[in-house]
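Chemist: predicted structure and sequence below. I'll ask about it afterward.
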Amino acid sequence: MFNDLSRNDRMLLLKFVCSVAWADLEIKDSERNFVLRLVGRLELGDDEKAQVEEWLHTAPAPDSVSPDKVPAEHRRVFIEAARAVMYADGDIDEEERAQLDKLKAALST
């Protein structure tokens, strides 16, 4: 599933995932662990891992996670990864659900 993503697309995916995790204004341990497992699966370099750690400490800028940046052929991967991080903590709040619904709608066009 992730093998077809370029390095830039992998980083964009992680930025989206971190953004969804921040929807309730906090990163829970289960969300952090999910993101770090995803980082391991994506085989990132040290600089890229450091960038993801930064996104786990400070939410990515909203304009940096525009659905327009997601390649059409990878939209499903982005939606599934965003959904998975949302469910990682077992506590889905309305803001997280709303953000995922917006992302799904934007990527379905």
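Modeler: Received it, and whenever you're ready, just let me know what you need.

Chemist: can you get me a residue count around residue 98?
Modeler: Residues lying near residue 98 (other CB atoms under 10 Å) number 11. Heads up, the C-betas are built off the backbone N, CA and C, glycines and all.

Chemist: that one and residue 80: what is the separation?
Modeler: Per CB to CB, to the nearest Å, residue 98 is found 18 Å from residue 80.

Chemist: what's the answer for residue 93, then?
Modeler: According to CB to CB, residue 93 stands 20 Å off from residue 80.

Chemist: which one of these two is surrounded by more residues?
Modeler: More crowded of residue 93 and residue 80, by other CB under 10 Å: residue 93, with 13 against 10.

Chemist: which of the residues in stretch 76-93 are buried?
Modeler: Within stretch 76-93, the residues that qualify as buried are 77, 78, 79, 81, 82, 83, 85, 86, 88, 89, counting by 16 or more other CB atoms under 10 Å.

Chemist: turn those into JSON lines, including distance to residue 13.
Modeler: Shown next, in JSON lines, are the buried residues of stretch 76-93 (distance: CB to CB, whole Å):
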{"residue": "77", "distance to residue 13": "7"}
{"residue": "78", "distance to residue 13": "6"}
{"residue": "79", "distance to residue 13": "11"}
{"residue": "81", "distance to residue 13": "6"}
{"residue": "82", "distance to residue 13": "9"}
{"residue": "83", "distance to residue 13": "13"}
{"residue": "85", "distance to residue 13": "11"}
{"residue": "86", "distance to residue 13": "14"}
{"residue": "88", "distance to residue 13": "15"}
{"residue": "89", "distance to residue 13": "19"}
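
Chemist: show me what whichever strand or helix holds residue 10 is packed up against.
Modeler: Per DSSP states H and E, residue 10 falls inside helix 7-21. Contacts defined by 3 or more CB pairs under 8 Å, 6 or more residues apart in numbering; DSSP states H and E place helix 7-21 against helix 29-42, helix 46-57, helix 75-88, helix 94-107.
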